[in-house]
Structures are given as C-alpha cells and as structure tokens.
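>>> Here is a sequence with its predicted model. Questions after.
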Amino acid sequence: MTERDGRAPLRTFPARMQPLARLPLFVDLTGRRVVVAGSSEAVAWKAELFSAAGGDVQVFAEAPDVELVAVVERGTPPGRLTLFRRGWTDADLAGSALAVLDSDEPEEIAAFQAAGHAAGALVNIVDKPDACDVLFGSIVNRSPVVIGISTDGAAPVMGQAIRRRIETLLPPAIAAWGALAGRIRDAVTSRLAPGAPRRNFWERFAERAFGPAPDEGEAARLVAEVEGAARSVEQPGRVILVGAGPGEPELLTLKAVRALQSADVVLYDDLVSPDVLELARREARRVMVGKRGGRASCRQEDINELMVELARAGERVVRLKAGDPMVFGRAGEEIERLVAEGVAVEVVPGISAGIALAAALGASLTHRDAAHSLRFVTGHAKSGELDEGLDWRGLADPDTTLIVYMGGRTAGRLAARLIAEGLPPETPAAFGFGVGQRGQRLERHRLGDLVTLGSVPTDQPLVIGIGKVFAAGTPAVSVPAEAVITV
C-alpha cells in the first residue's frame with residue numbers, strides 16, 4: 001500500500017494547562033504593610049518570611065512565643081518587623097496588603113476575614129486552607145531564584161519532601177547566576193530581537209547556570225556574546241529529531257525533555273501519546289504531521305519542506321517521532337533533505353517499541369539459552385505487501401528473536417512464510433498493543449495461531465515479537481496478571 005496524501009500538516013491548539021488547585025503568584029512585598037496576628041511558632045515563621053520578602057510586618061500577639069520574640073529582636077532585612085503585645089483590631093488591618101491569623105476560634109476567624117477583606121487585603125488563616133485567599137507552601141530559596149511548592153494545604157509534609165528533593169538538585173550557585181541575569185537583562189533586551197535569537201542566548205545562559213559560580217569577568221563576556229549574536233547574519237534555526245519512546249513520558253531521555261522544552265515548533269506523529277506531547281514548552285506551536293499505515297497521511301515530502309521552511313525562519317523545530325526516530329521512522333530521508341539545505345540537524349534517540357515490549361513482558365531479547373541474534377523488520381514494504389527482499393531464511397532461524405513493526409495487516413502471511421522457511425509453528429509469539437501507553441494490552445500466541453488470525457485489526461500501534469524468548473515461562477521479572485492475555 002502506498003503512502004496516502006490526503007492529509008495536510010495540522011496545527012493543533014491543545015489546552016496549555018490542566019486545572020490548578022491554586023494559582024501560584026510571586027508578590028513584591030517591598031515596603032507594603034503585612035499584618036500577622038497570633039502568638040505561635042507558626043506566626044514567628046510567617047513574620048520572618050514576610051520580612052525577608054521586604055514587607056513592613058506588624059505582629060499582634062498578647063503572649064508572644066519565645067521564638068517570635070527572638071525573630072523580632074533579631075530582625076530580618078530588608079523588611080521591618082514590629083511586635084505589638086496586644087490583640088488585633090479592625091483598624092490594625094487598614095492599608096494592609098496581606099493579613100494572616102493563627103486561631104482556632106470560628107468567631108475570631110470570621111471577624112478577621114471580614115476586616116481583612118474590607119481593607120482590601122488577601123487573608124490567610126494558618127492551617128485552615130478552606131478559609132484562605134492565599135496559601136504559603138514550601139520554598140526553595142536561591143534568591144532571586146525562588147521556587148514555591150503547594151499541595152493546596154492537603155499535605156504540607158509532602159511539600160517539604162519535594163522541597164528537599166529540589167534543593168539537592170539545585171546548586172547554590174544558581175543564586176549568583178540569577179543575580180547576574182538581572183544585571184545583563186537590559187543589554188540582552190536592547191541588542192537581541194524577541195523570539196529565537198533572544199531565547200537561544202538565555203538557553204545557553206541557563207545551561208551555564210548549572211555549573212560553577214560565575215566569576216568577575218562573566219558579565220563582560222556575556223555582553224560580548226550578545227553583541228556578537230546581534231551582528232550575526234546566520235539564522236539560528238535547527239531541527240532536532242526526537243524519539244518519543246513508546247508513549248510513557250517517564251521513558252523519555254533527559255535530552256529529549258530538554259529538546260521539547262526548548263522548541264518553537266513541534267511536528268508530531270499520530271502515534272505520539274498526549275502525555276509525551278504535554279512535556280513540550282507551553283508556548284511551542286504544535287503541528288500534527290500524521291503518518292499511520294492504512295490511513296490518510298501527510299506526504300513525507302511535505303513534512304521535509306515544512307521542516308526546512310521553519311528552520312530557515314529561525315525556528316527551533318522538534319520532529320517528534322514515536323519510538324526511536326532511526327527505527328522505521330524515515331528519519332534518513334529527513335536528515336538527507338535537511339543536510340542538503342544546510343539546516344543544522346540533531347538526533348535524540350528514544351526507546352523503540354520492540355524494546356518496550358520486551359520490558360513489559362520481562363523477556364530478554366538476547367537470552368543466552370534462547371537467542372543468538374536479534375532482528376528488527378517491517379511488516380510490509382511500500383506496497384503494503386510483505387517485503388520479498390527480506391532474508392526470510394535467516395528470519396526463520398529458531399535461535400533468532402524477531403521484532404516486527406507495522407505487521408498487523410500482514411501477520412498471517414508473515415507467519416505462514418516463516419513456517420514455510422522452517423520455523424516451527426509452536427514458536428512463541430507476543431503481541432503488544434499500545435505498549436508503554438495507558439491501556440496497553442499484551443497477548444501471548446504461537447506462530448501457527450497468527451496464520452489462523454490472518455490480520456490483526458487494531459486502533460493501537462502494534463508490535464509483534466517472535467522467538468523462544470517470548471515463551472510464557474521465561475520472564476525475568478514479574479508481570480501483572482491483568483496486563484497479559486494468554487491465548
């Protein structure tokens with residue numbers, strides 16, 4: 001069957017954000033009045049936090065906790081901290097931007113909310129998320145780099161655990177790089193045009209920020225780099241062929257995730273899962289260039305032309321392919337065209353569906369006692385029929401593990417040909433439908449069963465494994481019973 005040309009590249013506009021329990025905001029409290037009422041240790045922490053953010057903090061406490069007294073006496077520049085040893089009144093909240101209360105008394109909570117809202121303040125009641133306009137989560141402080149973590153008040157300890165994980169990954173030097181970014185930002189903005197040139201500079205900057213702290217000459221070197229980029233007439237556009245793997249986002253490489261998060265445009269295939277596509281940069285344009293056997297598909301020539309056009313316009317293009325781009329993905333044709341046009345191209349490999357099938361079944365594709373070679377083949381040629389150019393005698397070797405891609409329509413004919421070449425009908429076979437995706441389905445068969453089945457109609461991508469390694473008794477790891485259907 002020849003490739004159909006009844007489909008044009010389709011730009012999609014998916015939702016960029018899933019529902020949020022709370023909207024994260026970063027507020028400038030410099031010089032703004034903040035009222036904190038209560039006497040507990042929690043009040044001490046809140047008062048210190050708001051003062052550290054530059055707020056003019058006024059604390060009202062009839063019997064202040066010793067830690068609260070210590071915080072007030074110590075002071076926390078750049079904000080101010082003042083302690084009033086009395087209860088709060090409505091008048092105390094006037095002019096405040098933020099009002100925080102630690103109390104378990106419903107009447108006091110209701111009165112504080114009313115007074116705060118009347119003053120135009122955002123109100124927080126400690127440990128009462130349902131009574132709050134705003135919540136204060138865990139914080140990773142590498143100021144000016146600040147990371148806030150919220151669990152919507154449901155699991156503060158979980159938020160603290162997440163904070164600790166992030167702190168181990170985020171080098172302390174990131175603070176110095178963040179401050180440096182602030183010093184050179186005007187130079188970058190005035191010299192580099194918005195879009196790809198400016199973003200490419202900041203991406204290179206961000207990569208450096210995860211290394212050693214900047215030295216005294218770093219700012220001058222960066223400004224010189226900006227000026228050089230501004231004078232350059234070369235278009236920074238490039239294409240990255242990225243393997244999306246079998247569909248599970250956690251199976252992507254870190255390099256693949258970085259590529260997706262730096263893309264201007266993502267050209268993706270039908271078989272790429274929505275969960276993987278969700279990892280792309282929110283602002284990236286997404287264009288479906290669907291290619292599926294037996295269905296209307298975009299012509300390969302149109303996809304090649306689109307990649308060249310976008311790259312020449314200075315765009316960073318990610319060509320997102322299911323599995324590995326170099327395994328039956330026509331990447332060779334795309335690379336040849338891009339190189340011929342002088343477009344920079346890079347390949348980020350992914351986990352191929354055959355490897356994912358083996359992992360799902362716990363089957364070692366090259367088990368010493370069952371296989372001495374491994375072959376990946378396509379289930380059909382361009383015509384849609386079996387590829388007569390394949391080494392059928394070699395494929396029928398009982399000590400070879402065979403992985404067949406796009407073999408649903410030809411499964412019966414393929415099995416009959418292998419049996420005719422001498423492969424025993426009882427040879428184990430495995431079907432993997434949507435491997436690595438939600439709702440994956442795995443089936444065990446024998447080669448002779450495939451002849452009876454003929455074709456295997458399915459809306460999910462199918463990969464077929466044939467060989468002794470797929471025998472039911474050979475998994476190296478346990479497989480959930482509900483994930484496997486034995487036929």
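Nice, I can see it.
>>> tell me which element Ser190 falls in.
Using DSSP states H and E, Ser190 maps to helix 174-191.
>>> and that helix, average pLDDT?
Mean per-residue pLDDT for helix 174-191: 95.
>>> Now do the next helix-or-strand element following that helix: distance to the chain's middle.
Sequence order places helix 196-208 as the next helix or strand after helix 174-191, per DSSP H and E. Remark: helix 196-208 is offset 19 Å from the chain centroid, using Cα atoms, centre = their mean, to the nearest Å.
>>> for helix 196-208, packing partners?
With contacts taken as 3 or more Cβ pairs under 8 Å, 6 or more residues apart in numbering; DSSP states H and E, helix 196-208 sits against helix 174-191, helix 218-231. To be clear about C-beta, it is placed using only N, CA and C from the backbone, and glycine gets the same treatment.
>>> Now render those as TSV, adding mean neighbour count and distance to Ala115.
Shown next, in TSV, are the helices and strands packed on helix 196-208 (neighbours: other Cβ atoms under 10 Å; distance: least, Cβ to Cβ, whole Å):
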stretch	mean neighbour count	distance to Ala115
helix 174-191	15	37
helix 218-231	14	48
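>>> Look up how far Arg165 lies from the residue nearest the centre of the chain.
Closest residue to the average C-alpha location of the chain: Leu279 at 3.3 Å, with Cα atoms, centre = their mean. Distance from Leu279 to Arg165, counting by Cβ to Cβ, to the nearest Å: 19 Å.
>>> how many other residues sit next to Val34?
Counted with other Cβ atoms under 10 Å, the neighbours of Val34 add up to 27.
>>> Contacts only, for it.
Neighbouring residues of Val34 by Cβ atoms under 8 Å, 6 or more residues apart in numbering: 50, 55-58, 96-100.
>>> Out of these, which sit inside strands?
56-58, 98-100 (DSSP state E).
>>> can I get the residues you listed in TSV with neighbour count and distance to Leu402?
Below are the ones in strands among the contacts of Val34 laid out as TSV (neighbours: other Cβ atoms under 10 Å; distance: Cβ to Cβ, whole Å):
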residue	neighbour count	distance to Leu402
Asp56	20	73
Val57	29	71
Gln58	21	75
Leu98	25	66
Ala99	26	69
Val100	29	66
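>>> mind putting the residues you listed in a markdown table, pLDDT and distance to His372 included?
A markdown table is the format used below for these (pLDDT from 0 to 100; distance: Cβ to Cβ, whole Å):
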| residue | pLDDT | distance to His372 |
| --- | --- | --- |
| Asp56 | 94 | 76 |
| Val57 | 94 | 73 |
| Gln58 | 95 | 78 |
| Leu98 | 97 | 70 |
| Ala99 | 97 | 74 |
| Val100 | 97 | 70 |
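>>> now, which of those residues sits nearest Leu260?
Leu98 (37.2 Å; Cβ to Cβ).
>>> partner residues bridging the closest residue to that closest one other than its chain neighbours?
Excluding the flanking residues, the one nearest Leu98 by Cβ to Cβ, 6 or more residues apart in numbering is Val34, at 4.6 Å. Bridge pairing for Val34 (DSSP bridges) gives the partners Val57, Leu98.
>>> per-residue confidence for Val34?
Per-residue confidence (pLDDT) for Val34: 97.
>>> again with the one 5 residues further on
On the pLDDT scale, Ser39 is placed at 91.
>>> For the stretch 51-200 of the chain, which segments are assigned as helices?
Taking DSSP state H, counting those that start in this stretch to define them, one finds helices in the stretch 51-200 of the chain at 66-74, 106-118, 156-169, 174-191, 196-208.
>>> confidence score at Glu107?
pLDDT for Glu107: 96.
>>> Now distance to Ala430 too, for the helices and strands packed on helix 196-208, in JSON lines please.
Output for the helices and strands packed on helix 196-208, formatted as JSON lines (distance: least, Cβ to Cβ, whole Å):
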{"stretch": "helix 174-191", "distance to Ala430": "47"}
{"stretch": "helix 218-231", "distance to Ala430": "52"}
